[in-house]
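S.K.: this one's structure only:
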């Protein structure tokens, strides 16, 4: 099994496709977004995260009003990047 937990990705051998099975996006949460801004910027520079350009239907109030981010290679790419950076 790979890394990721709630950010796990399922792959299809038949089609080569993949799908985020837990979280599908990351939201900058009010109150902590500033503390994480450098991390989001680093992950964006590395191509791990991209700003979400679509709207989300039925968002929860807990998501706050911050920027939403998606990961083109699947959200487990965030966990992999953090593990690589940790040495």
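M.R.: Noted; the coordinates are in hand. No experiment lies behind these values; they were computed from the predicted model shown.
S.K.: list the buried residues for stretch 29-47?
M.R.: Judged by neighbour count (16 or more other CB atoms under 10 Å), stretch 29-47 contains these buried residues: 40, 43. All C-beta spots, glycine's among them, are computed from the backbone N, C-alpha and C.
S.K.: how far is that stretch from where the chain is centred?
M.R.: Taking CA atoms, centre = their mean, to the nearest Å, the mean C-alpha location of stretch 29-47 is offset from the chain mean by 11 Å.
S.K.: ditto for stretch 28-38
M.R.: Distance of stretch 28-38 from its chain centroid, counting by CA atoms, centre = their mean, is 14 Å.
S.K.: repeat for stretch 35-49
M.R.: Centroid separation between stretch 35-49 and its chain, computed with CA atoms, centre = their mean, is 10 Å.
S.K.: other residues contacting it?
M.R.: Contacts with stretch 35-49, where a contact means CB atoms under 8 Å, 6 or more residues apart in numbering, come from 26, 28, 50-51, 67, 69-73, 77-78, 81.
S.K.: who wins for most neighbours among those?
M.R.: residue 71 (23 neighbours; other CB atoms under 10 Å).
S.K.: how about the nearest residue to it, chain neighbours excluded?
M.R.: Among residues not flanking residue 71 along the chain, residue 77 sits closest, at 4.9 Å (CB to CB, 6 or more residues apart in numbering).
S.K.: now that neighbour: which helix or strand?
M.R.: Using DSSP states H and E, residue 77 maps to helix 76-86.
S.K.: let me know whether residue 21 touches residue 10 as I believe.
M.R.: Yes: in terms of CB atoms under 8 Å, residue 21 counts as a neighbour of residue 10; the distance is 5.1 Å.
S.K.: distance of residue 67 from residue 12?
M.R.: 30 Å (CB to CB, to the nearest Å).
S.K.: no wait, residue 19
M.R.: Going from residue 19 to residue 12 by CB to CB gives 8 Å.
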